[in-house]
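Peer 1: Any chance you could fold what I've pasted below:
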Amino acid sequence: MRIVRCRAYGSPDVLHIEDVAVPEPKENEILIRVEASNLTAGDCELRRFDVALLFWLPLRLMFGVLRPRRLVLGQDVAGIIEKVGSKVTRLKPGDAVYGLTGMRFGGHADYVCLPENYCIGPRPANLSAAEAVSLPVGGYNASHFLRETALEESETILIHGAAGTIGTIVVQLAKNMGATVTAVDAGDKLPTLEALGADHVIDYRAEDFTKNRQQYDVIIDLVHRSPKAISSLKDGGYYLLGNPSAIQTLRGKRRLKKDGKTVIPALAAYSLENLDWLKELAEAGTLQPVVDRTYTLEEAAEGHRYVESGEKIGNVILVTE
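Peer 2: Residues are numbered from 1 along each chain as shown. The predicted model follows:
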């Protein structure tokens with residue numbers, strides 16, 4: 001089987017295809033033949049080891065201090081169950097599945113072995129593998145953000161960096177909840193955001209939304225490009241930082257507490273129930289996958305470069321065939 005191995009921390013040039021033996025599932029594991037895996041900004045950050053200060057030391061110890069320990073990136077997969085261990089009961093060979101590999105990563109490969117109790121379940125019947133795999137990471141985080149911010153019907157929400165893996169799903173879920181949605185991103189991405197349901201769109205290159213005097217019940221900041229964004233939050237509102245540094249989180253809580261505003265660090269938990277919920281939304285047509293480009297495993301380095309260019313809309317997917 002092929003894997004995309006990250007041999008060192010650095011540029012996309014550190015990625016190489018290697019042939020290794022197909023793993024054998026243990027008694028409580030499933031072997032997935034991977035058809036597609038998401039290539040996210042998080043994968044690129046880990047390859048560069050450009051991670052939030054809060055996670056730097058534990059991740060370095062986990063993945064290798066000087067260089068990666070056989071690091072295969074990719075946290076979400078879609079594929080077919082190839083084989084199961086003797087004690088596995090929830091899934092069976094032939095099942096079409098999707099979900100998350102968690103901190104094991106390993107999705108950028110032909111096969112991956114995971115414990116049965118991981119967040120892997122039946123994928124939406126109406127989606128291809130490439131479409132289905134665009135949902136788990138973005139969907140988990142988006143739904144977590146909206147729960148944490150207590151968004152309600154008729155409230156207003158601004159999403160800064162709305163055209164990415166998470167943002168494209170936040171736009172759809174918030175609109176489905178009855179909120180008035182303002183999406184901020186580059187001008188060429190705005191038509192996609194309008195098609196996903198955004199009520200208002202702002203090109204951050206042409207307009208500074210912090211100067212238009214509009215205020216919002218909820219702001220979800222996925223890019224941290226506007227330090228004054230908090231000024232656009234209503235008193236009593238929620239400001240969520242995607243991937244915050246430890247310093248941002250601590251300073252934000254102290255500064256905003258007296259204003260009745262709440263800063264929330266974005267750390268989502270995974271569950272099978274949430275995975276099934278995303279499946280139901282997709283099958284009902286409420287949640288649309290957004291796939292920008294697909295690359296083969298051999299083209300993984302090129303895919304990393306595209307993700308890092310900042311030009312992607314939605315998701316970039318690695319496919320095995």
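Peer 1: residues in contact with residue 62?
Peer 2: residue 103 (CB atoms under 8 Å, 6 or more residues apart in numbering). Yep, even glycine has a C-beta here, placed from its N, CA and C like the rest.
Peer 1: what do you get for residue 130?
Peer 2: So residue 130 contacts 35, 36, 78, 291, 294, 317, 319 (CB under 8 Å, 6+ apart).
Peer 1: Relative to residue 169, how far out is the last one?
Peer 2: I take that to be residue 319. From residue 319 across to residue 169, the span is 21 Å (CB to CB, to the nearest Å).
Peer 1: Show me the helices in the stretch 101-250 of the chain, by range?
Peer 2: 129-132, 136-148, 167-176, 190-195, 246-257 (DSSP state H, counting those that start in this stretch).
Peer 1: Looking at residue 319 and residue 169, which has the bigger crowd around it?
Peer 2: Taking neighbours as other CB atoms under 10 Å, residue 319 and residue 169 compare with residue 169 leading, 31 against 18.
Peer 1: Excluding chain neighbours, what is closest to the more buried one?
Peer 2: Excluding its sequence neighbours, the residue lying closest to residue 169 (CB to CB, 6 or more residues apart in numbering) is residue 142, at 4.0 Å.
Peer 1: One more: residue 279?
Peer 2: Residue 279's closest residue in space is residue 124 (CB to CB, 6+ apart), at 4.9 Å.
Peer 1: so that neighbour touches residue 284, yeah?
Peer 2: No: look at residue 124 against residue 284 with CB atoms under 8 Å: they stay out of range, at 9.5 Å.
Peer 1: Helix, strand, or coil at residue 280?
Peer 2: With DSSP: H, G, I helix; E, B strand; the rest coil as the basis, residue 280 sits in helix.
Peer 1: Tell me how many other residues crowd it.
Peer 2: So residue 280, with other CB under 10 Å, has 11 neighbours.
Peer 1: And the strands in the stretch 201-321 of the chain, which stretches?
Peer 2: 216-221, 233-241, 262-265, 291-296, 315-319 (DSSP state E, counting those that start in this stretch).
Peer 1: Can I get the last one as CSV, trimmed to CA atoms?
Peer 2: Written as CSV, here are the backbone C-alpha positions of strand 315-319 (Å, rounded to 0.1, in the frame of the first residue of the first chain):
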residue,chain,number,x,y,z
ASN,A,315,-12.1,21.5,0.8
VAL,A,316,-9.1,19.9,-1.0
ILE,A,317,-9.3,16.2,-1.2
LEU,A,318,-6.8,13.4,-1.7
VAL,A,319,-8.1,10.4,-3.6
